[in-house]
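> build me a model from this:
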Amino acid sequence: MDINKPLAERIRPKSLEEYLSQEHLIGNNGSLTQQIKKGLIPSLILWGPPGVGKTTLANIIASESGRPFYTLSAINSGVKEVREVIDKAKNSGGLFTTKNPILFIDEIHRFSKSQQDSLLGAVEKGWITLIGATTENPSFEVIPALLSRCQVYTLNPFGKEELEALLKRAMHEDEFLKSKSITLKETESLLRLSGGDARKLLNIFELIISSQDQDIITITNDLVSKLVQQNTVRYDKTGEQHYDIISAFIKSIRGSDPNASVYWLARMIEGGEDLKFIARRMIILASEDIGNANPTALIMANNTFQAVNTIGYPEARIILSQCAVYLASSPKSNASYMAINKAQQLVKQTGDLSIPLHIRNAPTKLMKELGYGEDYKYAHEHENNFIEQEFLPEEITNTKLYEPGDNQRENAFRTFLKTRWRDKYKY
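Presented below is the predicted three-dimensional model:
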């Protein structure tokens, strides 16, 4: 046992059987399980928060499929390093073998456009199978040409039971921990401080055990809080605060407090938070929490993201501040957000209900003969460009999913909808 290695590295799973969580990907019916066992691995992007096993899964995929494995970190690799690895991969694999090498790129979202461009040819020609790991939304951080050549798989944060199971496995398998008599009396502080990050959890756990002189150790919330507060410098400063401060920022905007909003924005900027991450969250908020109470908010937030992407730090802080103040000072409505939640829940409950014939598309003669599109009433041929007809499946007719918010704009929506749907939806 190499005691100099962190605990998370010492007990890193080496096979699918040892891998905890992500059942939707590598469980018995997981979307990746059969592909891994057959060795038919597509180029893919693993997207999830820190410490959920992205790097571990990439290593297991390479090991179980028997492929050569190359790894790069986007933090310290450029186009030159990418091309060198691709040249090595071409010599060890190639287009006419199913054992083409795997190139794993950690934090691929940090690659520039030119660096990502340098991967395209190798992925397209099959010289490498690319596996990228990212904590950021690939739709924003991976260029479209590369994204279209990859499958995106989302890794979920660990739950309480999974994190506790990880601690117990570490106690059972690691030689250093096995030399101690450890009792997990309370785990709430450990789990809270880890923020769902398994790597961080294990590092904190090892620090606590190493700090105790005795061999009999009882883990309590008080012990964890006392020791971790004394040693916070040893831990990732972006983990817990990353989520807590963005939460405070969003809730301040939602609560219409521009002062608190700008304060938390400043905390994130000074802490080195990714400015594009902040801008993306404001786009989401503009729709989720403001919506049609002020539709311009979404335009403002989207333009802010584009501007931040173009301008960069430090000037981008001014643009972010302007947008945060605007969003905080806007009227609020989550009516559209609630409407889609209700609609999705209804779809899950009722399944694939039949589409009414009169609003189906009828591009062929057969479809017309079957009644597709028949009796459809074209709204623009009627007074006020409206004629009442049924647009929902018969089983859920009269179901109201959108309830306008109580604000000036959506009250106008309510008035409009009342004149159109006097009895059907009860606006």
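
> what about residue 346, which SS state?
Residue 346 carries the three-state label helix when classified by DSSP: H, G, I helix; E, B strand; the rest coil.

> list the contacts of it.
By Cβ atoms under 8 Å, 6 or more residues apart in numbering, the contact set of residue 346 is 396, 399, 401. For the C-beta atoms, the positions are set from N, CA and C on the backbone; glycine is no exception.

> cool, residue 14 as well?
By Cβ under 8 Å, 6+ apart, the contact list for residue 14 reads 59-60, 63.

> correct me if wrong: residue 393 contacts residue 354.
Yes. Look at residue 393 against residue 354 with Cβ atoms under 8 Å: they come within range, at 5.9 Å.

> the contacts of residue 14 in helices, which ones?
Using DSSP state H, the members of these that fall in helices are 59-60, 63.

> type out the PyMOL command that picks the buried ones from these.
Command for PyMOL that selects the buried part of those, burial taken from 16 or more other Cβ atoms under 10 Å:
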select buried, resi 59+60
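
> in a markdown table, list the ones in helices among the contacts of residue 14 along with distance to residue 338.
Shown next, in a markdown table, are the ones in helices among the contacts of residue 14 (distance: Cβ to Cβ, whole Å):
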| residue | distance to residue 338 |
| --- | --- |
| 59 | 42 |
| 60 | 41 |
| 63 | 46 |
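
> between the ones in helices among the contacts of residue 14, which is closest to residue 273?
residue 59 (29.1 Å; Cβ to Cβ).

> the closest one and residue 69 touch, don't they?
Yes. Between residue 59 and residue 69 there is a contact under Cβ under 8 Å: 7.1 Å.

> can you give me the buried ones in stretch 392-402?
Those would be 392, 401-402, for stretch 392-402 by 16+ other Cβ under 10 Å.

> cool, and stretch 111-124?
Within stretch 111-124, the residues scored as buried using 16+ other Cβ under 10 Å are 111, 115-116, 118-119, 122-123.

> just the ones in helices from those, please.
Using DSSP H, these in helices are 115-116, 118-119, 122-123.

> what helix or strand is residue 404 on?
Assigned by DSSP states H and E, residue 404 belongs to no helix or strand.

> give me the neighbour count for it.
22 (other Cβ atoms under 10 Å).

> pull the residues that contact the helix or strand hosting residue 409.
Using DSSP H and E, residue 409 falls within helix 408-420. For helix 408-420, the surrounding residues in contact (Cβ under 8 Å, 6+ apart) are 292-295, 331, 333, 335, 386, 388, 404, 425, 427.

> okay, the residues you listed in CSV with pLDDT and secondary structure next?
Below are these laid out as CSV (pLDDT from 0 to 100; DSSP: H, G, I helix; E, B strand; the rest coil):
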residue, pLDDT, secondary structure
292, 96, helix
293, 96, helix
294, 96, coil
295, 96, coil
331, 96, coil
333, 96, coil
335, 95, helix
386, 91, coil
388, 89, coil
404, 94, coil
425, 86, coil
427, 80, coil
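
> all helices for the stretch 201-350 of the chain, in order.
221-230, 239-254, 258-270, 275-285, 296-311, 316-328, 335-350 (DSSP state H, counting those that start in this stretch).

> ignore what I typed, I meant the stretch 1-150 of the chain.
For the stretch 1-150 of the chain, applying DSSP H, counting those that start in this stretch gives helices covering 7-10, 23-26, 33-38, 54-65, 79-92, 113-125, 138-141, 144-147.

> which of those helices is buried the deepest?
Of all the helices of the stretch 1-150 of the chain, helix 54-65 has the most neighbours on average by mean count of other Cβ atoms under 10 Å, namely a mean of 20.

> picking that back up, need the buried residues of stretch 111-124 in TSV with distance to residue 199 and pLDDT, can you?
What follows is the buried residues of stretch 111-124, written out as TSV (distance: Cβ to Cβ, whole Å; pLDDT from 0 to 100):
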residue	distance to residue 199	pLDDT
111	22	87
115	25	85
116	26	90
118	29	88
119	26	90
122	30	89
123	28	90
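
> which residues do residue 59 and residue 69 both contact?
Taking Cβ under 8 Å, 6+ apart as the criterion, residue 59 and residue 69 both touch residue 104.

> coming back round to it: and the contacts of helix 408-420, which are buried?
292-294, 331, 333, 335, 404, 427.

> tell me which two of those residues sit farthest apart.
Comparing every pair within those by Cβ to Cβ identifies 294 and 427 as the most remote, at 20.6 Å.

> among the contacts of residue 346, name the ones in helices.
Among the contacts of residue 346, no residue falls in helices (DSSP H).

> so which of those residues comes closest to residue 370?
Of all the contacts of residue 346, residue 370 sits closest to residue 396, with 22.9 Å by Cβ to Cβ.

> what residues are up against that closest one?
346, 350, 353.

> now it: how far from residue 356?
Distance, residue 396 to residue 356, using Cβ to Cβ, to the nearest Å: 11 Å.

> turn the contacts of residue 14 into TSV, columns for distance to residue 226 and pLDDT.
TSV is the format used below for these (distance: Cβ to Cβ, whole Å; pLDDT from 0 to 100):
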residue	distance to residue 226	pLDDT
59	36	90
60	37	90
63	40	86
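
> for residue 379, what are its contacts?
385-387.

> need the nearest residue in space to residue 73, chain neighbours excluded.
Spatial nearest neighbour of residue 73, chain neighbours left out: residue 106 (4.9 Å); criterion: Cβ to Cβ, 6 or more residues apart in numbering.

> shaky segments in the stretch 51-200 of the chain?
In the predicted model of the stretch 51-200 of the chain, residues 92-99 satisfy pLDDT under 70.

> closest one to residue 270 out of the buried residues of stretch 392-402, please.
Distance to residue 270, by Cβ to Cβ, is smallest for residue 402 among the buried residues of stretch 392-402, at 40.6 Å.

> distance check, the nearest residue to the closest one once chain neighbours are set aside against residue 287.
Beyond its immediate neighbours in the sequence, the residue positioned closest to residue 402 (Cβ to Cβ, 6+ apart) is residue 339, lying 4.1 Å away. To residue 287, residue 339 is 12 Å away according to Cβ to Cβ.
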